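Engineer: Fold the following.
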Amino acid sequence: MAENTIFVRNLALLKSEFLKSSSWSFSAVVFRALGGLTINKLFAFFLGAPGITLLSHFQNLTALFTLLPNEGVNRSIMKYWSDPQMSEHDKLRHFKTSFWITSTIFGVTLGVLYFWHHDYFFDRFITAYTPREFLIIFIPSVFLMLMSGYLNSVILALREVKAYAVINILSLLLLVGIVYVGVNYGTIDQALLSFAIGYAAMFFLALIYLIRRRKSIKLGMGKPDKASVKRIGKFIAMAISAIVFGKLLDFGVRDYAIELYDLERTGLWQAVAKMSTSYLLVFSGTVGVIYYPKIASLIHERGALRQYVLKVMGFMTFVSIMALGIYYLNKEFILNLFFADGFDKAAYLVRYQVIGDFFALLAYLLAYVLSARVQTMKYIAAQFVSALIYLGLLSVLIDQYNLEAFTLAYMFRYIGFFLILLVFNRKLLRR
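Structural biologist: Below you'll find the predicted structure:
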């Protein structure tokens with residue numbers, strides 16, 4: 001009874017402290033989730049299951065450009081700009097260096113993906129345009145997506161959550177409008193590119209806000225420095241593991257599924273996977289926006305850090321069980337609602353996927369801790385082992401379970417990922 005009372009009290013405390021501070025963040029992410037689901041609906045309605053497959057594949061391609069800057073460079077900005085022990089001068093040097101590293105990453109990624117192996121990464125998306133016409137739109141759009149994340153990381157590090165929320169809400173309204181025009185009136189190339197163009201628009205809103213706040217938020221451009229490069233390098237190493245064992249692996253597995261089952265059947269699996277992406281987006285946008293800067297600021301106070309992490313994990317366990325349970329019990333209705341009639345055929349794939357999602361949500365809370373503590377090798381090892389679990393099980397299960405093998409392997413991957421991260425964080429979580 002006493003333990004239950006303490007648990008309820010902790011939940012109430014977390015609700016008053018955490019949810020109050022993240023109410024604007026939650027509003028923004030609700031819009032992001034609804035915007036993402038609306039985009040899914042538009043592609044499903046106008047282009048069917050093949051459209052969902054191509055959208056997922058294209059989003060995965062853009063993620064190969066954005067993930068390293070977002071999870072490496074921008075995460076380092078949030079970490080060090082949230083650190084009360086870092087001087088304003090060092091923060092500004094870090095910001096300046098981050099621009100050059102982000103730009104370099106973009107150039108190298110483009111060179112590797114397009115000029116080295118464009119037939120594998122790009123040719124599925126180029127049908128009506130010539131490659132040159134496609135790149136004229138794709139390159140500046142994706143670069144502005146990177147710059148948007150770069151500027152927003154400063155806004156988040158300074159806990160300007162309301163500003164971040166307003167920027168996101170306005171951007172998503174614009175994004176949905178642009179995608180609607182692209183899907184309804186354009187070719188498949190234009191429909192996919194409208195997604196990148198819409199996200200690029202967020203850069204201009206973030207830039208306008210920071211220009212208006214230039215007297216209180218001191219930013220600038222300048223040469224990179226070695227100390228900042230070294231700090232950012234540790235985060236880039238962690239982000240590379242997330243790309244190789246995450247988005248790049250997903251791209252390859254999805255391409256394999258398309259060749260094995262065609263666009264139509266793969267689209268059913270991708271509908272279920274995109275539902276996971278939508279509520280993982282809600283998680284990362286509400287919890288991550290508040291949680292990561294907070295744990296970064298507590299990194300020198302082990303007791304306070306442990307207490308905060310456990311409270312958030314307890315709260316997210318409760319919320320996740322409720323939300324995923326509702327989704328599972330109404331899976332046929334929800335799939336048809338957010339995609340199109342006939343997508344309820346994918347409902348049988350949900351059961352293992354939601355279990356995997358539950359463990360993924362909790363695992364990412366612990367992964368954020370490794371990132372904030374800059375425990376690079378542990379972070380990479382956890383990603384590597386989870387990827388091995390996924391590929392190993394997929395190779396064993398694919399012949400017997402067909403499409404369901406992807407969700408089964410996904411479930412065991414994130415159970416394994418969670419358990420590995422528990423072991424790596426055991427000293428922090430112990431009393």
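Engineer: where does this structure dip in pLDDT?
Structural biologist: Scanning the chain for pLDDT under 70 picks out the ranges 1-26, 29, 285-289, 431.
Engineer: Give me the residue at the spatial middle of it.
Structural biologist: Within the chain, one residue has its C-alpha closest to the average C-alpha position: by CA atoms, centre = their mean, that is Leu281, at 6.2 Å.
Engineer: Buried ones in the host helix or strand of it, by neighbour count?
Structural biologist: Using DSSP states H and E, Leu281 maps to helix 248-283. If you call a residue buried by 16 or more other CB atoms under 10 Å, then helix 248-283 has these buried ones: 248-251, 253-255, 257-258, 261, 263, 265-283. No exception for glycine: its C-beta is placed from N, CA and C like everyone else's.
Engineer: what's it packed up against?
Structural biologist: With contacts taken as 3 or more CB pairs under 8 Å, 6 or more residues apart in numbering; DSSP states H and E, helix 248-283 sits against helix 23-68, helix 302-329, helix 331-338, helix 350-372, helix 376-401, helix 404-424.
Engineer: about what we covered before: the residue nearest to the centre of the chain reaches Gly35, doesn't it?
Structural biologist: No: taking contact to mean CB atoms under 8 Å, the distance of 9.7 Å between Leu281 and Gly35 leaves them out of contact.
Engineer: Report the buried residues of stretch 34-41.
Structural biologist: Residues of stretch 34-41 classed as buried: Gly35, Gly36, Leu37, Thr38, Ile39, Asn40, Lys41 (neighbour count, 16+ other CB under 10 Å).
Engineer: As JSON lines, these with distance to Val309 would be great.
Structural biologist: Supplementary listing: the buried residues of stretch 34-41 in JSON lines, determined by distance: CB to CB, whole Å:
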{"residue": "Gly35", "distance to Val309": "30"}
{"residue": "Gly36", "distance to Val309": "28"}
{"residue": "Leu37", "distance to Val309": "30"}
{"residue": "Thr38", "distance to Val309": "34"}
{"residue": "Ile39", "distance to Val309": "33"}
{"residue": "Asn40", "distance to Val309": "33"}
{"residue": "Lys41", "distance to Val309": "36"}
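Engineer: From these, pick the one nearest Thr66.
Structural biologist: Looking at these and their distance to Thr66, the nearest is Gly36, at 15.0 Å (CB to CB).
Engineer: rewinding a little: name the helices or strands packed onto the helix or strand just after the helix holding Leu281?
Structural biologist: Past helix 248-283, heading to the C-terminal end, the next element that is a helix or strand (DSSP H and E) is helix 289-297. Helices and strands in packing contact with helix 289-297 are listed as helix 23-68, helix 75-81, helix 131-157, helix 161-185, helix 302-329, helix 350-372; criterion 3+ CB pairs under 8 Å, 6+ apart.
Engineer: list the buried ones in the third one?
Structural biologist: Along helix 131-157, these residues count as buried under the neighbour rule (16+ other CB under 10 Å): 134-135, 137-138, 141-157.
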